[in-house]
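Colleague: sequence plus predicted model, see below.
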Amino acid sequence: MVLAADSAATWGIPGPTFLKGFAFAALVLWILALLIRRWAAAGRRLHRELHAYELAYLVGGRQRAVAASIAALRSGQAIDTVERGRLQVVAQPRMYLTPLDQAILYAISSGSTRAREIPLNPSVRQQLEVIEAGLVAAGQLPSPAERFQTRWATFPLLLLLAVGTARIFAGVSNGRPVTNLVLIMVPVVIVTLVLLVRAPKLTREGKKSMAGAFTRHRVLSPAMSPAWTTYGPEGAALGVALFGGLALASIDPVFAAESEVHRQLGDFAAGGGGSSYTSSSSSCSSSSSCSSSSSSCGGGSSCGGGGCGG
Amino acid sequence: MNALGVGIGWRPEIAGFVAGLPGLRFTEVIAESLHHPDPELLALRDRGVTVIPHGLKLSLGGADPVETARVEHLARCAELMGSPLVSEHIAFVRAGGLQAGHLLPVPRSRESLDALTANIRRTQAELPVPLAVEPIATLFDWPDAEFGEGDFLTELLERTGALLLLDVANVYANAVNRAEDPIEVLRSFPLDRVAYVHVAGGIEHEGLYHDTHTHALPAEVLALVAEVTAPAFLLERDGDYPSADDLRTELDAIADAAALPRIT
């Protein structure tokens, strides 16, 4: 009887044995994937201060870096809106210009007048690539090789899932029950999907630098109603880098609304990886300045409309 | 109070600017905002900057006794910030259950001197540190004053032993609005009891000078700074904040007028 049952087992491996082996392999490969990712995305500790646009890039990518520069140029009285959604260069900027600022001024004066067109302008894109390369070199963003490694760390799990799927089909055609295998595969599929979807955008050191910047520059949080004239273009750039559309709306509410920067630069107001830091670092409970007008502003992503802070 | 030089009032809006002043040795914070002290302010305290709690709502000049909870809060502020003294205004902000939302002048009469004396003594009894009181700027005076402002202050400070928080912008505002000579008014004050000095900007509008704290420092106010010898001078700016350069220029102008080191 026992012998007969064994010979009927799919691929000659009895169900319980396969299940145990599958579960063990899944656990090992999952831990392995996590370890590889941890190693690949460690990054390197920073030995310099990040510039506002580099921080913007870490918080919300290229769009946020462009928005931060637009805020600085506006604060330096170099740009204004011509009509709804269109920018124009109006004066010689009263500020030190970084290469990105210069490229953006050039892009606007050569026809890329909508905020959404600016990151696509070749000279702007070139400067954004310079910033990105600098962040990779500083160990704040994963290099292409490290990104490749984190992606391939999940590959063994995918192979295992393929084996499991094949076993299900084989088992069904063999007339054997597959319920337990399906049940054990569900969590493995979930874990694999999470690994695939949540590939680290920043290195661990990059995340640390970003968190440190939110703490160091919390005086620029809209919850403090920062005196933007006092903080000048550099403050405006840092404010928008870290706190996004809400900061721009408090720097210049009319410009923020008319330029549609927050709408045209995609999700920059919600702030990608930064939104969670926004809500935790500008925690109103600890700030004496939090009156009724600012207490609703701590939530980061809820402030995309720019309705508060004006 | 020790010679602390030139300072600027701490406000959350300019917290980054204040923290960035290399020579800053003292600042002042609105006591009523210290229920939830800001981490930036605590960092200044930990850096060794003297922080003076400045009350707005005690209503020392009210006919009613000062509220115990408010005095206790002022005392807690002094303990929390390790302050050498606290300050409040010679004014009333509520009466008959109504909040004025504004500092209102007291009549310069014997009766109000008695009420003020009683309230200042009640406050001093609860405070762990000395109290400095500040005469306010006012656009009107109650009729039938029994004292000039200087005599009223001298009498009050003699009775209570309180120190004087001299606001030269208030002196200037009142003198202009009463058509008096600011320097003469200043000299009538008990200047030997000055703990520290407030300096602020304002603007003249339709013949009246308004002590706004949101405009530039007039030269006339700076001229009064040069007339006073005091251990510390504090710039009060409460809104419409100018560029960092402009703020530094004002701080330097105060330092120069007071013959104190620049802090910028």
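Modeller: Cool, got the structure.
Colleague: which residues of chain B score low on pLDDT?
Modeller: With pLDDT under 70 as the threshold, chain B has low-confidence stretches at B:1.
Colleague: near chain A, which residues of it show up?
Modeller: By the criterion of C-beta under 8 Å from any C-beta of the partner chain, the positions of chain B lying close to chain A are B:11-17, B:19, B:33-41, B:241-244, B:247. Backbone N, C-alpha and C define where each C-beta goes, glycine included.
Colleague: hmm, try it at 7 Å
Modeller: The interface of chain B toward chain A, taken as C-beta under 7 Å from any C-beta of the partner chain, is made up of B:12-17, B:33-34, B:36-40, B:241-244, B:247.
Colleague: the nearest residue to A:Thr81 once chain neighbours are set aside: neighbour count?
Modeller: Spatially, and ignoring its direct neighbours in sequence, A:Thr81 is nearest to A:Glu258 (4.1 Å; C-beta to C-beta, 6 or more residues apart in numbering or on different chains). By other C-beta atoms under 10 Å in any protein chain shown, 17 other residues sit near A:Glu258.
Colleague: cool, and A:Pro156?
Modeller: Neighbours of A:Pro156 under the rule other C-beta under 10 Å: 18.
Colleague: just the pLDDT at it, thanks.
Modeller: In this prediction, A:Pro156 carries a pLDDT score of 94.
Colleague: do the one 5 residues further on as well
Modeller: Per-residue pLDDT puts A:Leu161 at 96.
Colleague: if we can go back for a sec, secondary structure class for the residue nearest to A:Thr81?
Modeller: Remark: A:Glu258 carries the secondary structure label helix [criterion: DSSP: H, G, I helix; E, B strand; the rest coil].
Colleague: can you tell me the closest non-neighbouring residue to the residue in the stretch 51-200 of chain B positioned nearest to chain A?
Modeller: For the stretch 51-200 of chain B, the nearest residue to chain A under the criterion C-beta to the nearest C-beta is B:Cys77, separated by 11.3 Å. Sequence neighbours aside, B:Pro53 is the residue nearest to B:Cys77 in space, at 3.7 Å (criterion: C-beta to C-beta, 6+ apart).
Colleague: so which strand or helix has the one you found?
Modeller: Of the helices and strands defined by DSSP states H and E, B:Pro53 is found in strand B:50-54.
Colleague: just after that strand, pick out the following helix or strand.
Modeller: From strand B:50-54 onward toward the C-terminus, using DSSP H and E, the following helix or strand is helix B:68-81.
Colleague: what packs against the helix or strand that that following helix is followed by?
Modeller: Beyond helix B:68-81 on the C-terminal side, the first helix or strand identified by DSSP H and E is strand B:86-90. Using 3 or more C-beta pairs under 7 Å, 6 or more residues apart in numbering or on different chains; DSSP states H and E, the elements in contact with strand B:86-90 are strand B:50-54, helix B:68-81, strand B:131-135.
Colleague: just how off-centre is the second one within its chain?
Modeller: Centre-to-centre, helix B:68-81 and its host chain are 17 Å apart (C-alpha atoms, centre = their mean, to the nearest Å).
Colleague: packing partners of that helix?
Modeller: Secondary structure elements in contact with helix B:68-81, counted by 3+ C-beta pairs under 7 Å, 6+ apart, are strand B:50-54, strand B:86-90, helix B:110-126.
Colleague: at 10 Å what do you get?
Modeller: Using 3 or more C-beta pairs under 10 Å, 6 or more residues apart in numbering or on different chains; DSSP states H and E as the contact criterion, the neighbours of helix B:68-81 among helices and strands are strand B:26-30, helix B:39-46, strand B:50-54, strand B:86-90, helix B:110-126, strand B:131-135.
Colleague: in it, what counts as buried?
Modeller: Within helix B:68-81, the residues that qualify as buried are B:70-71, B:73-75, B:77-78, B:81, counting by 16 or more other C-beta atoms under 10 Å in any protein chain shown.
Colleague: Provide a list of residues in contact with the residue in the stretch 151-264 of chain B that chain A sits nearest to.
Modeller: When you check the stretch 151-264 of chain B against chain A by C-beta to the nearest C-beta, the closest residue turns out to be B:Tyr241, at 3.4 Å. When contacts are counted by C-beta atoms under 10 Å, 6 or more residues apart in numbering or on different chains, B:Tyr241 is found next to A:226-231, B:11, B:13-14, B:17, B:214, B:247.
Colleague: give me the number of residues near the spatially closest residue to it that is not a sequence neighbour?
Modeller: Residue nearest to B:Tyr241 in three dimensions, not counting chain neighbours: A:Ala227, with 3.4 Å by C-beta to C-beta, 6+ apart. The tally of other residues near A:Ala227 (other C-beta under 10 Å) stands at 24.
Colleague: my read: A:Ala227 touches B:Arg237, true?
Modeller: Yes: under the criterion of C-beta atoms under 10 Å, A:Ala227 lies in contact with B:Arg237, with a separation of 8.9 Å.
Colleague: joint contacts of these two?
Modeller: In the contact map built from C-beta under 10 Å, 6+ apart, the residues linked to both A:Ala227 and B:Arg237 are B:11, B:13-14, B:17, B:247.
Colleague: ok, which stretches of chain A are helices?
Modeller: The residue ranges that make up the helices of chain A, judged by DSSP state H, are A:2-8, A:15-40, A:52-75, A:99-109, A:122-137, A:144-152, A:155-173, A:179-197, A:204-216, A:228-251, A:253-259, A:261-264, A:275-281, A:292-295.
Colleague: any idea how far B:Ile183 lies from B:Ala169?
Modeller: Here the distance between B:Ile183 and B:Ala169 works out to 14 Å (C-beta to C-beta, to the nearest Å).
Colleague: of those two, which one has the most company?
Modeller: The residue with the greater number of neighbours, taking B:Ile183 and B:Ala169 and applying other C-beta under 10 Å, is B:Ala169; the counts read 27 against 14.
Colleague: just checking, that one is part of a strand?
Modeller: No: when classified by three-state DSSP, B:Ala169 is found to be helix rather than part of a strand.
Colleague: who touches it in this structure?
Modeller: When contacts are counted by C-beta under 10 Å, 6+ apart, B:Ala169 touches B:137, B:197-202, B:209, B:211-213, B:217-218, B:220-222, B:224-225, B:235-236.
Colleague: do that again at 7 Å, thanks
Modeller: With C-beta atoms under 7 Å, 6 or more residues apart in numbering or on different chains as the criterion, the residues that contact B:Ala169 are B:137, B:198-200, B:202, B:211, B:221.
Colleague: excluding chain neighbours, what is closest to it?
Modeller: For B:Ala169, ignoring the flanking residues on the chain, the nearest one in space by C-beta to C-beta, 6+ apart is B:Ala200 at 4.2 Å.
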